[in-house]
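A.B. asks: Need a 3D model of the following:
(chains A and B)
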Amino acid sequence: MSSPDPDSDLHADVALRRGYVVDEFSTDEGTVVMVGLAPTFEVLRLSPLGVEILRLVGPGTTLARLEQDLRRLLGDPAVGELPDLVLAAVVELRHHSVIVAGQGHNGAIWAPSGADDRASPQGA
Amino acid sequence: MTGLADDRLHVEALGASLVIEVEDPRLRALAQRAWSACQTSPVENAVVVRAPSVRADAEPREIAAALQELTQLVTREAITARAGQLTMFHAGALCDRSSGAAIAMVAPGGTGKTTVVRTLGPGRGYVSDETVGVAADLTIATYCKPLSVRRPDTPELKDELAPEELGLSAPTVRPWLAGMVLLRRDLPRGADVVIEPVDVLDALALLAPETSSLSLFERPLHHLADLLDSVGGLRRVRYHDAADLEPVVSDVLGRTR
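C.D. replies: Just a heads-up that it's a prediction; the model follows:
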């Protein structure tokens, strides 16, 4: 029996918010984010679409609204359908806690407190 | 007075003062020898690390495992003590004995840091084979721990060997970070070393998993990027034989402030 799809709740009206983003670092070449809650953090390099999604999500953002905003900003993609590309990017960002969907914790409230995130010493 | 008084061994690790309590006399002598390069004078309020207990009829391999666990405990306490003060990398490091210029060689556990340090360390300052702690002024708090050397017959077990047993000695001047490389031992035997510059975005993503307590710094990614910028960025060094890294190490240790 297959396990249920954890992203089945990503319908057009689902609310999207910024996730547990501790820091962002950008150059002309792209953007890297540090995300997570103590003691586990992850550093990810975002795709250009991921950068735009992170910039656009905020209070009142839904998946449908995000698609509209991206279409207005970027136009239709040369390859593939925009809704498919946006959904795939949202799923990826959600899995890494860069954005939060639905009724999850509010990242602004539950931001990392700066507690210890040391890695376990290995090879010692 | 330094070293072992009764069952207490006073050591300095990453600039933190710790007391290793070793009740078992079989472990005590071995620990004293293994940690000789870290021994220091007693300090009040030092963090206490209690050595693991071993059975009365423990076999030598159990003693070795206890020493290995002790090293992990000390490392963990030292890292905790300096969290938020030092930028700490999972790395081995060597320095020039005169200038203190040091190379940090970042790599995940079990991928060759100790071998590189053992191979290229004689005649240089041994900074660490496990954790490198860098201060804001780029000076390095040494961690001259026992080297954890994998046993050929039982790879899951490591022997904790004193640096001097391997011809290594602690730095005689304060080391400072002159360069940083990411080691990848993924080339076939006989292949030439490949040195690749890593752009800062990839460098952040590659280095972050090999840091400790990075999130305690204000704007952690910017903090790490600034540090990288101050040492000329990150280079990925792909190799097979540790000895082939000699030119890379010599180049960085020849730098001046």
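
A.B. asks: C-alpha from now on. contacts and neighbour counts both.
C.D. replies: OK.

A.B. asks: Please name the residues that touch the closest residue to A:T27 other than its chain neighbours.
C.D. replies: Distances taken as CA to CA, 6 or more residues apart in numbering or on different chains put B:L201 closest to A:T27, at 7.8 Å, once the chain neighbours are dropped. In this structure, B:L201 makes contact with A:F25, A:S26, A:T27, A:E29, A:G30, A:T31, A:V32, A:R45, judged by CA atoms under 8 Å, 6 or more residues apart in numbering or on different chains.

A.B. asks: Give me the subset of those residues lying in strands.
C.D. replies: Of the contacts of B:L201, the ones assigned to strands by DSSP state E are A:F25, A:S26, A:T27, A:G30, A:T31, A:V32, A:R45.

A.B. asks: Below-threshold pLDDT in the chain: ranges please.
C.D. replies: Went with chain A since none was named. Scanning chain A for pLDDT under 70 picks out A:1-2, A:103-124.

A.B. asks: that's the wrong chain, I meant chain B
C.D. replies: Using pLDDT under 70, the flagged stretches of chain B are B:1-5.

A.B. asks: what about the longest helix along it and chain A, touching?
C.D. replies: As assigned by DSSP state H, the longest helix anywhere in chain B is helix B:60-82. Yes: Helix B:60-82 is in contact with chain A by CA under 8 Å from any CA of the partner chain, via B:Q68, B:T71, B:Q72, B:T75, B:R76, B:I79, B:T80.

A.B. asks: quick one: the helices in the chain?
C.D. replies: All of this is about chain A. A:48-56, A:63-74, A:82-95.

A.B. asks: hm, I was asking about chain B
C.D. replies: B:25-34, B:60-82, B:113-120, B:200-207, B:220-230, B:246-253.

A.B. asks: Can you name the residues of the stretch 151-257 of chain B sitting close to chain A?
C.D. replies: Within the stretch 151-257 of chain B, the positions near chain A by CA under 8 Å from any CA are B:201-202, B:204-205, B:208-216, B:219-222.

A.B. asks: For B:E12, grab the count of nearby residues.
C.D. replies: 25 (other CA atoms under 10 Å in any protein chain shown).

A.B. asks: Please list all residues in contact with it.
C.D. replies: B:L18, B:C38, B:Q39, B:T40, B:Y143.

A.B. asks: let's see 10 Å
C.D. replies: B:18-19, B:35, B:37-43, B:46, B:74, B:78, B:141-145 (CA atoms under 10 Å, 6 or more residues apart in numbering or on different chains).

A.B. asks: Same question for B:V149.
C.D. replies: A:123-124, B:68, B:110, B:114-115, B:118, B:155, B:157-161 are the contacts of B:V149 under CA under 10 Å, 6+ apart.

A.B. asks: one more time with 7 Å
C.D. replies: Counting by CA atoms under 7 Å, 6 or more residues apart in numbering or on different chains, B:V149 touches B:K158, B:D159, B:E160.

A.B. asks: isn't B:K113 right next to B:A93, touching?
C.D. replies: No: contact criterion CA atoms under 7 Å: B:K113 and B:A93 do not qualify, at 8.5 Å.

A.B. asks: And the two? Which one has more around it.
C.D. replies: B:A93 (31 against 27).

A.B. asks: Wait, the more buried one touches B:I103, no?
C.D. replies: Yes: between B:A93 and B:I103 a contact is recorded at 5.5 Å, counting by CA under 7 Å.

A.B. asks: and chain B, what are its domains?
C.D. replies: B:4-82, B:87-253 (automatic domain parsing).

A.B. asks: Switch those domains over to JSON lines; also include distance to A:A12.
C.D. replies: Converted to JSON lines, those look like this (distance: least, CA to CA, whole Å):
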{"stretch": "domain B:4-82", "distance to A:A12": "45"}
{"stretch": "domain B:87-253", "distance to A:A12": "32"}
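
A.B. asks: quick one, which of the ones you listed is nearest to A:P59?
C.D. replies: A:P59 sits nearest to domain B:87-253 of all those, at 23.7 Å, using CA to CA.

A.B. asks: Wait, B:L214 touches B:P220, no?
C.D. replies: Yes: B:L214 is within contact range of B:P220, at 5.9 Å (criterion: CA under 7 Å).

A.B. asks: Give me the more crowded residue out of the two.
C.D. replies: Neighbours were counted for B:L214 and for B:P220 using other CA under 10 Å; B:L214 has more, 28 against 22.

A.B. asks: Now do the contacts for that one.
C.D. replies: B:T87, B:P220.

A.B. asks: So which residues of the stretch 1-150 of chain B form strands?
C.D. replies: B:4-5, B:8-13, B:16-21, B:47-50, B:87-95, B:101-106, B:125-128, B:131-134, B:140-141, B:147-150 (DSSP state E, counting those that start in this stretch).
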